[in-house]
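1. coordinates for the following, if possible.
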Amino acid sequence: MNYLERLTILLLLVACNKKSDVTPAPVDEKPGTLTYVSATLNGKSIQPFIDIHVQPEIKIRFSMPVNRSSASEKILISDLSGGKVNASYNFERNDSVVSIKPASSLQHLSQYKIQMLPGLLASSNASLQAGQDIAFATSIDSSRKFPALSDAALLDTIQKRTFKYFWDYGHPVSGLARERSNATPETVTSGGSGFGIMAIVVGIDRGFITKAQGLNRMQTIVSFLKNKAQKFHGAFPHWLNGSTGEVIPFSQNDNGADLVETSFLMMGLLTARQYFNSTDAAEVSLIKDINSLWNAVEWNWFRQNNQDVLYWHWSPTASWAINLKIQGWNECLVTYVLGASSTTHSIPKTAYDIGFARNGE
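-> You can find the predicted model right below:
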C-alpha cells in the first residue's frame with residue numbers, strides 16, 4: 001500500500017468518527033388535505049334537513065382530527081341574513097368529529113346554514129380546500145298558543161266566522177256575496193249568494209245577528225235580484241255587477257244564464273222563504289218576492305228543444321254555443337231536483353233518468 005492509499009484511508013476513518021456540527025435540513029412534509037365526510041342533525045343523516053328541533057345537536061365528521069381553535073373560527077352557523085349564531089363546540093373520535101350546539105334556541109320555522117369555510121385546519125396542519133354549506137330548516141312551534149276549545153266551542157267558532165264572511169263582505173248595494181273578499185269588489189256571484197243566504201238563516205238562528213237584521217239584508221238581496229239583476233228565461237248569470245245588476249261575463253260565451261249557479265241561489269232563497277214564514281207583513285212581502293223569482297225560472301226551456309237533459313249555459317249573443325250538458329254524478333243534482341219541483345216550468349222524469357243519471361251509468 002503506497003503513501004497515497006494510506007492517507008486516503010486515514011482521512012475516511014477520521015471523517016467517520018467525527019460528529020457533524022451542522023444541523024440537517026428538515027424534511028419537507030406535505031400534510032395532505034382535510035375533507036368533509038358527513039353530518040348529522042339530531043341523529044338525522046339524510047338530507048334535506050327539515051323539521052329540525054330548535055336546539056339541535058350538529059355533528060360533523062372529517063377525514064382526520066381537526067384543530068380545535070380553527071374549528072370554532074371556520075365552522076359557523078348563520079341565518080339567511082348572514083347573522084352568526086353563537087354556539088359551543090365539543091370534539092369526539094380523537095377530534096375527527098366536531099359536535100356543535102347553538103348557545104340558545106333557534107327560531108321556529110326558519111332556515112339556517114352550517115358553513116365549513118376553506119382554510120379549516122386539521123391537527124396535522126392539513127386544511128380544507130373547498131368550503132361546504134349544509135342548509136337546514138327548523139320545525140314549527142307546536143306549543144299551544146290559545147286556550148283549548150271544546151269540540152262544540154270550536155264548531156261554534158268556525159260557524160260564526162264562516163257566517164261573518166258572507167255578512168261582513170256582502171256587497172253594500174245588493175247584499176250579494178262577493179266572488180272574493182280582497183279583489184274585484186263589484187263582482188258578486190249568484191251561486192255563492194245562495195250559500196250566503198243560507199248563512200244568514202243560520203246566523204239568525206244562532207243569535208249571531210237579530211232576525212230584524214237578517215230580514216233587512218234579505219229584503220235588500222231579493223229586491224236587487226227582482227228589480228236590477230239581469231235574468232235570462234228566469235235564470236241568473238254566474239257573475240253580476242253588485243251595484244248595477246249587469247252581467248259580468250265568466251268567459252267569452254258565458255255571458256248569460258247559468259242554470260247550476262241559479263240552482264244554488266234558488267236553494268238559498270227557498271230556505272229563507274220557509275224560515276221567514278210568518279204573518280208579519282214584511283216577511284209575507286219577502287216570501288211573495290221570493291216566489292216570483294222561483295216561479296220565473298224556465299227549467300224546462302233549458303232542455304234545449306225538449307231533449308231529455310238540461311243544459312248549463314245559455315248566452316244572449318252565442319245561444320247554446322257552450323253546449324254543456326248537466327250530467328252526474330256531481331253537485332248538479334240539485335238542478336234536477338229543483339227543475340222537477342217547479343210548479344210553473346217543471347222537467348219530466350225522463351230528463352233526470354236519461355240526462356243526469358244517464359240511464360244508470
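
2. from here on, just use CA atoms for contacts and neighbour counts.
-> Fine.

3. and the pLDDT for the nearest residue to Lys325 once chain neighbours are set aside?
-> Excluding the flanking residues, the one nearest Lys325 by CA to CA, 6 or more residues apart in numbering is Tyr311, at 4.5 Å. On the pLDDT scale, Tyr311 is placed at 98.

4. verify the stated contact: Tyr311 with Gln304.
-> Yes: here Tyr311 reaches Gln304: they are 6.9 Å apart, a contact under CA atoms under 8 Å.

5. okay, these two: which has more neighbours?
-> Comparing Tyr311 with Gln304 by neighbour count (other CA atoms under 10 Å), the higher total belongs to Tyr311, at 24 against 15.

6. how close does the residue nearest to Lys325 get to Lys231?
-> 16 Å (CA to CA, to the nearest Å).

7. quick one, strands of the stretch 101-250 of the chain?
-> With DSSP state E, counting those that start in this stretch as the criterion, the stretch 101-250 of the chain has strands at 111-116, 127-128, 132-138, 187-189, 239-241.

8. could I get the average pLDDT for the shortest one?
-> So that's strand 127-128. 96.

9. again, but for the last one
-> When the per-residue pLDDT values of strand 239-241 are averaged, the result is 98.

10. what sits up against it?
-> Glu186, Thr187, Val188, Thr189, Ser190, Ala229, Gln230, Glu246, Val247, Ile248, Pro249, Phe250 (CA atoms under 8 Å, 6 or more residues apart in numbering).

11. stretch 110-127 now?
-> Outside stretch 110-127, the residues that touch it by CA under 8 Å, 6+ apart are 31-34, 64-67, 70-71, 74-80, 128-139.

12. filter the residues you listed down to the buried ones, ChimeraX style.
-> In ChimeraX syntax, the buried subset of the contacts of stretch 110-127 is picked out as below (16 or more other CA atoms under 10 Å):
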select :34,64,65,66,67,71,74,75,76,77,78,79,128,135,136,137,138,139
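
13. give me the subset of the contacts of stretch 110-127 lying in helices.
-> Per DSSP state H, helices hold the following members of the contacts of stretch 110-127: Ser70, Ala71, Lys74.

14. any idea how many residues pack against Phe166?
-> Every residue meeting other CA under 10 Å relative to Phe166 is counted, giving 23.

15. likewise for Ala321?
-> 12.

16. what of Ile46?
-> The local packing of Ile46 (other CA under 10 Å) involves 11 other residues.

17. for it, give me its contacts.
-> Applying CA under 8 Å, 6+ apart to Ile46 gives the contacts Thr40.

18. I'd assumed it was in a helix, is it?
-> No: counting by DSSP: H, G, I helix; E, B strand; the rest coil, Ile46 is not part of a helix but coil.

19. Asn255 versus that one, what's the distance?
-> 55 Å.

20. now do Gly170
-> The value you get for Gly170 to Asn255, if CA to CA is used, is 23 Å.
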